[in-house]
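**Student:** My questions are about this predicted structure, shown below with the sequence.
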Amino acid sequence: MLDYIWLVPFLPLFGFVINGLVGTRLPRRVVGIIACGTVGLAFLISLTAFFVLPDQPVPDKVLYSWIKVGDFKADFAFQVDPLSIIMILIVSGVAFVIHIYSIGYMHDDPGYSRYFAYLNLFVCAMLLLVLANNFLMMYIGWEGVGLCSYLLIGFWYERKSAADAGKKAFIVTRIGDFGFALGIMLIFKTFGTIDISEVMHLAQGRFEVGAPILTAITLLLFLGAVGKSAQIPLYVWLPDAMEGPTPVSALIHAATMVTAGVYMIARCNVLYSLSPTSLMVVAIIGCATAIYAASIGLVQNDIKRVLAYSTISQLGYMFMACGVGAFAAGIFHLMTHAFFKALLFMGAGSVIHALAGEMDIRHMGGLKRYMPTTYKTFLIAALAIGGIFPFAGFFSKDEILWRAFEQNYILWAIGVITAAMTSFYIFRLVFKTFAGESRVEKEKLVHVHESPRVMTVPLVILGVMSVIGGLAGVAKAFPLLGMSRFFSEKLNILRFLEPVTGGHHAEGGQAVGLERWLMLASLLIALLGIYIAYQFYVRNPQLPKRLARRLGRAYNFVLNKYKVDELYDFLFVNPAKRFSVFLWRIWDDRIIDGIVNGTAGFFKVCGHIGRRVQTGYVQTYILLIIIGAVIIIWYCL
Amino acid sequence: MPIPLPTVNLIDISPEIILGVFGVLVLLIDLFLRRERKGHLAVLSLIGVVGAFYASLRLWGSSHYAFSQSIVVDNLSLFFNGIFLLGTALVILMSVSYIRREGINLGEYYSLLLFSTLGMLIISSGNDLIILFLGLELVSIPLYILSGFARTNLKSNEAALKYLLLGVFATAFLLYGIALVYGSTGSIKLPMIAKLLSDTAVSSNPLLFIGMGMLIIGFGFKVALVPFHMWTPDVYEGAPTSVTAFMSVGVKAAGFAALLRVLLTALDKLQFSWVSILVVLAILTMTVGNVIALVQTNIKRLLAYSSIAHAGYLLLGLVAGSRLGVSSILFYLVVYALMNLGAFAVVILVGRKGDQNLHLNDYAGLGYRYPLMGAAMSIFLFSLAGIPPTAGFVAKFYIFSAAVKEGFVKLAIIGVLNSALSLFYYLRIMVIMYMREPEKKEVLPILFSPGLVIALLIAVLGVLYLGILPSRVLDLATSAIRTFLSG
């Protein structure tokens, strides 16, 4: 069965070729069936591969020898091991669900077949990336997902903002890709091979911990990850990427492509483990990004933007996990995040769909009556990302926080504060969108409806996964009432990944107790975040009404209460708000965007100057030749 | 005094002979053909090209000198022959309908193409500075005529005149360089020069270095290195598109063949000196080519600057100077020939009589109206930009890693940065093709002539084949230099 693993990326490629070439002439139904069918088949193959994967390492599946010259060799080959199997399961599974959802979401779009062609190409590239057995193939997938992301962000290219966002994403991630390419070159120069497992093997034997060359390699690779996975300082493209269709945001900018950086680092965990400096950099960048992006998420009013910053923040968690050496925990969170973030985006898409394109949460509210399925699934996803027991995010986030705690209290503390922020902003979103009075414009409210089945069924599927997904990695410390063998031995992603990411350390009895307390603490903090959000967005908005009814006697009381809020605002919310607005407006919009646009502008100006020299007069040309000649001959002497 | 007669073995120059004979044949038969039947000459020329290719194939594996060491027959020269002949064959296929549309379907067109190609074959097997010079002139003179072939088109006339004036100017440099090298070493035979250079008295002669500089300038003009590139955009834009395609591929490859022979065989000892010149030229060429290409709006000018940039990438292989470097140049040239000619084939298809429809905006919406042609153009552009799984990626990867391996890491970084820059203008064409509505609604339908379709098909399949399964051609390129650097 594993010999057919090459079908996994090739099936979507087939879908791309068909839909890309003749899609416009096929009926929409057929286009949808081809697109979903190829990805669905790829998922089935991945699933079978998962079940037949033996315990011993499997040799790479070589399709053919791609480039072979002298001592340089690159095969077109796939690496089949627990890590790649988990990744193809996540990618093809989530992609399949989102493909189905897209049938409903993109129903009326004139670019229907183009959309599915791009989407299939994307899935192909991503699967290639995670299955690659050498860095060159990984690079191909890496570039491929970047390209598809560009095409899909700018899918509605007639909108200038969409076209600009596509460009921005492309430029910013290119900076990272440049580092990634350099890293690969350096790997080849150092090891003489680009085969991933060979490199890992050689690195272990040949280098001491802390070898400078490994630090250089890993930092360069990490630069690629920073670009692709939207970390500080290259995260700026991701919020803008929300210009693309919402399912694209769900698939590419939440569940799969942006996780490529995390995957790559987990794949190269041997190299990173040999370089404490790089690990530290990864941990710090991840941790800083987590809290930074979460703080920005607190003040956004665009439903998709909140989710975008949330994605950046959650990716920060994953990098933090990698940075503290908990690679498997990073992948675990990657998986649960793929479920609930895709669900959040698709839920948001369902809302936007129902409200005819409205994305501002100030103009929503009270939607749970109209869209019960969307509301329920969105709520599940919110509980999952908030880290509430027993939803998926609880287990993966706690695994990361625990491992961070073992390394460094500060990392843990920041992680916990971020968790509080996370549950706050996500429930702010839930309350403002679904709860309370409707603030939807009248003429739009008439058309509000639950989305069709083709969209809600995917929501339910992901909802189920967001509930049970976390059980794949229940911590040993968790009180399991006799089920512990089953959960920590059989059904445990962390254990499953051990052959790739290295063994999990032994846990002492005292640590178990401590871990339980920490779990409880972070759970309480997450609940606190929800409570505050409830106070702010469910209780307070009704205050003015009650105020009007009880005008008089209760006034002072209400007024005092109001003053407490004022105080809160003054002490915590406003400074935080101002700071995050500052970060968003000044740092993002001015400085980072300025640099990006400035670079493009600089080269354009250079080009125009160069064009000016091209006068068309032969005299000018000869003059230039002579100048060049004089310099060369002067040099020769 | 007895004069030693050189032993004559005509088999060694059989590709050249075949091409020459067919060139004359085309010229003669042309006299008896009516205007509308000149297409037959294309078939005849193609037969000549295929014949020369076959002759080169028969010689594959040989490695010896002929004609008193003025000609070398080795796999390197034969590999180059293959590149030239492939390029010429594609250009002939592209030309038939194009020159009919432009009203320049005269028989001389094909024979001039064949003679120019003959010059290239002579360069690739030249073992002697005079032969190289002869070959280069034989390449250039037909091209002076060909670039002005659209006689009623002002731009074409301008292109021819500019090319001639500047070309002659550069030739003077070349000739002077040859004279100085000969004067300071006493030989014009490349291996002999190398041998004489081991004498320090010879190799420290300043005249030799001036000569070397002049040679680089002369060849640098032919392959359009910055700052000797100024003619390129004007000539490429003005010349008939098929001729531009021919120039951008054939002349460039021929120039590199000459540079390889001169620098790596004859002046190998002076590597310390010419490497630094070439490094600077490579940086300038890549950067200037790419940066100016960013702001071009005419597709032919854009491709002209792009071809300048590609010459810069090719220099990287020469700078590396190793086996890997040289074989990567060979591979790159094959790939470059396919993808660039493919792109020009699309330009010809989209173009209209009198070289109209060359603005980038004329490509708006073409991706949907002609999906297959759009897909083909996208593949060529991806390949030119160096995006996998196209051949351009493998070629670039190969040439950059050759540079890295020889320690030119910074140069390779500049190369990678440059190819990132180039993505902008290549992708812009795709964006226009797929993401913009055409301004004018009534567009004449594109006429697909069989020759162009075949050329396009060969190019697409070649680019994909070499991108996905490059190893066979890479092996060939490696075996092509087996005798070159060791002898």
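**Tutor:** Arrived safely.
**Student:** Tell me, how many residues neighbour the nearest residue to B:Ile216 once chain neighbours are set aside?
**Tutor:** Counting by CB to CB, 6 or more residues apart in numbering or on different chains, B:Ile277 is the residue found nearest to B:Ile216 once chain neighbours are left out, at 6.1 Å. C-beta: built from backbone N, CA, C; applies to glycine. By the criterion of other CB atoms under 10 Å in any protein chain shown, B:Ile277 has 19 neighbours.
**Student:** how about B:Ile277, secondary structure?
**Tutor:** Applying DSSP: H, G, I helix; E, B strand; the rest coil to B:Ile277 yields a three-state assignment of helix.
**Student:** Now do it against B:Gly220, distance only.
**Tutor:** Here B:Ile277 is placed at a distance of 9 Å from B:Gly220 (CB to CB, to the nearest Å).
**Student:** related to what we said a few turns ago, contacts only, for the residue nearest to B:Ile216.
**Tutor:** Taking CB atoms under 8 Å, 6 or more residues apart in numbering or on different chains, we find B:Ile277 in contact with A:632, A:635-636, B:213, B:216.
**Student:** what's the lowest-pLDDT member of the residues you listed?
**Tutor:** The member of the contacts of B:Ile277 with the lowest pLDDT is A:Cys636, and it reads 80.
**Student:** Tell me who's in contact with that one.
**Tutor:** B:206, B:209-210, B:212-213, B:273, B:277.
**Student:** And the next helix or strand past the longest helix seen in chain B?
**Tutor:** What stands out as the longest helix in chain B, according to DSSP state H, is helix B:154-185. Heading C-terminal from helix B:154-185, the first helix or strand you meet, by DSSP states H and E, is helix B:190-196.
**Student:** Give me the mean pLDDT for that next one.
**Tutor:** Averaged across helix B:190-196, the pLDDT comes to 91.
**Student:** For chain B, what's its nearest residue on the stretch 301-450 of chain A.
**Tutor:** A:Gly357 (20.9 Å; CB to the nearest CB).
**Student:** any idea how far that residue is from B:Ile18?
**Tutor:** Applying CB to CB to A:Gly357 and B:Ile18 gives a distance of 68 Å.
**Student:** Can you pick out the residue with more neighbours from the two?
**Tutor:** Each of A:Gly357 and B:Ile18 had its neighbours counted (other CB under 10 Å), and the higher figure belongs to B:Ile18 (23 against 8).
**Student:** right, and the more buried one touches B:Ala52 too?
**Tutor:** Yes. The criterion here is CB atoms under 8 Å, and B:Ile18 meets it with B:Ala52 at 4.6 Å.
**Student:** quick one: pLDDT of the residue of the stretch 301-450 of chain A closest to chain B?
**Tutor:** Looking at A:Gly357, its pLDDT is 80.
**Student:** Am I right that it sits in a strand?
**Tutor:** No. Assessed with three-state DSSP, A:Gly357 is coil; it does not lie in a strand.
**Student:** report the longest strand in chain A, please.
**Tutor:** Looking across chain A with DSSP state E, the single longest strand is strand A:61-69.
**Student:** After it, which helix or strand is next?
**Tutor:** For strand A:61-69, the succeeding helix or strand toward the C-terminus, using DSSP H and E, is strand A:72-78.
**Student:** tell me which strands and helices that following strand is in contact with?
**Tutor:** In terms of contacts (3 or more CB pairs under 8 Å, 6 or more residues apart in numbering or on different chains; DSSP states H and E), strand A:72-78 is packed against strand A:61-69, helix A:135-153.
**Student:** May I see the buried residues of the first one?
**Tutor:** Same thing as strand A:61-69. By neighbour count with 16 or more other CB atoms under 10 Å in any protein chain shown, strand A:61-69 contains the buried residues A:61, A:66-69.
**Student:** Give me the neighbour count for residue 19.
**Tutor:** In the absence of a named chain, chain A is used. The tally of other residues near A:Asn19 (other CB under 10 Å) stands at 27.
**Student:** that answer is for a different chain, and I need it for chain B
**Tutor:** Should you count by other CB under 10 Å, B:Leu19 turns out to have 29 residues around it.
**Student:** Let me see the backbone angles for B:Gly148.
**Tutor:** Backbone dihedrals for B:Gly148, given as degrees, to the nearest 10, come out at phi -100, psi 20.
**Student:** In the stretch 501-637 of chain A, where is pLDDT below threshold?
**Tutor:** Counting by pLDDT under 70, the stretch 501-637 of chain A contains low-confidence residues at A:503-511, A:540-600.
**Student:** Which residues are in contact with residue 259?
**Tutor:** You didn't pick a chain, so chain A it is. Contact partners of A:Thr259, counting by CB under 8 Å, 6+ apart, are A:229, A:315, A:318, A:334, A:337-338.
**Student:** Can you look at chain B instead?
**Tutor:** For B:Leu259, the contacting residues are B:216, B:219, B:223, B:318, taking CB under 8 Å, 6+ apart as the criterion.
**Student:** Pretty sure it sits in a strand.
**Tutor:** No. B:Leu259: not assigned to a strand; according to three-state DSSP it is helix.
**Student:** Chain B versus A:Val270, what's the distance?
**Tutor:** Taken as CB to the nearest CB, to the nearest Å, the spacing of A:Val270 relative to chain B amounts to 23 Å.
**Student:** What of A:Ala225?
**Tutor:** Distance, A:Ala225 to chain B, by CB to the nearest CB: 18 Å.
**Student:** any idea which helix or strand carries the residue lying closest to A:Leu41 once chain neighbours are set aside?
**Tutor:** The spatially closest residue to A:Leu41, leaving aside those adjacent along the chain, is A:Leu11, at 5.2 Å (CB to CB, 6+ apart). In this structure, A:Leu11 sits in helix A:7-22 according to DSSP H and E.
**Student:** in that helix, what's buried?
**Tutor:** Residues A:7-20 are the ones in helix A:7-22 that count as buried (16+ other CB under 10 Å).
**Student:** Could you do stretch A:451-467 as well?
**Tutor:** Under 16+ other CB under 10 Å, the buried positions of stretch A:451-467 are A:451, A:455-463, A:465-467.
**Student:** Please list the residues of the stretch 301-450 of chain B that sit near chain A.
**Tutor:** Counting by CB under 8 Å from any CB of the partner chain, the positions of the stretch 301-450 of chain B adjacent to chain A are B:323-324, B:327, B:368, B:371-372, B:375, B:387-389, B:393-394, B:397-398, B:400-401, B:404-405, B:409, B:412-413, B:416-417, B:420-421, B:423-424, B:431, B:435-436.
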